[in-house]
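Sharing a sequence plus its predicted fold:
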Amino acid sequence: MGQIEWAMWANEQALASGLILITGGIVATAGQFTQWYFGAYSIVAGVFVCLLEYPRGKRRKGSTMERCGQKYMTKVVKLFGPLSRNYYVRAFLHLGLSVPAGFLLATILGTACLAIASGIYLLVSGVCGQPADAMTPQSLQPPAG
């Protein structure tokens with residue numbers, strides 16, 4: 001069995017967390033919870049996380065299938081600068097985004113998942129430091145040669 005590629009796992013976890021945050025935010029806002037504004041925040045935070053995490057990184061060994069439309073989304077992610085390349089920044093950004101959503105029951109699952117993704121990104125940044133070319137999205141890599 002191969003080694004776990006933590007960066008790809010963190011990417012998948014954060015993408016799923018963003019979708020869960022959006023779903024919980026819709027439930028809280030449409031259900032007119034007493035603190036519905038946390039639900040609206042969760043929708044915005046979830047969309048931001050999904051935009052940031054949609055491009056899939058390249059595996060160290062083997063091949064990686066790009067997600068549908070990844071080459072277009074990568075152009076958007078490039079605009080985020082260090083947010084898209086530095087795992088320390090991503091870890092603390094995800095942790096910070098997850099805190100306000102934790103005050104509402106409908107969004108607490110997304111909060112927990114995003115906090116776990118933040119922990120995985122901290123693990124990746126501790127093991128790897130800055131992301132290597134093999135771990136950055138394929139479309140962000142400079143052309144070889």
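Happy to help now that I have it.

can we go C-alpha only for contacts and neighbour counts from here?
OK.

Could you check how far the residue nearest to residue 77 when sequence neighbours are not counted is from residue 114?
Leaving aside its sequence neighbours, residue 77 sits nearest to residue 52 (C-alpha to C-alpha, 6 or more residues apart in numbering; 5.9 Å). Using C-alpha to C-alpha, to the nearest Å, one gets 13 Å for the distance from residue 52 to residue 114.

next one: residue 45
Residue 45 is 11 Å from residue 114, by C-alpha to C-alpha.

can you check residue 76 too?
Taken as C-alpha to C-alpha, the span from residue 76 to residue 114 is 21 Å.

between those two, who's got more neighbours?
Applying other C-alpha atoms under 10 Å to residue 76 and residue 114 shows that residue 114 carries more neighbours, namely 30 against 14.

The more buried one and residue 18 touch, don't they?
Yes. Residue 114 is within contact range of residue 18, at 7.4 Å (criterion: C-alpha atoms under 8 Å).

Beyond the helix or strand of the chain with the lowest mean pLDDT, next helix or strand please.
Least confident helix or strand, the chain: helix 70-78 with a mean of 71, by mean pLDDT, DSSP states H and E. Remark: after helix 70-78, the chain's next helix or strand is helix 87-101, criterion DSSP states H and E.

Thanks a lot, see you next time.
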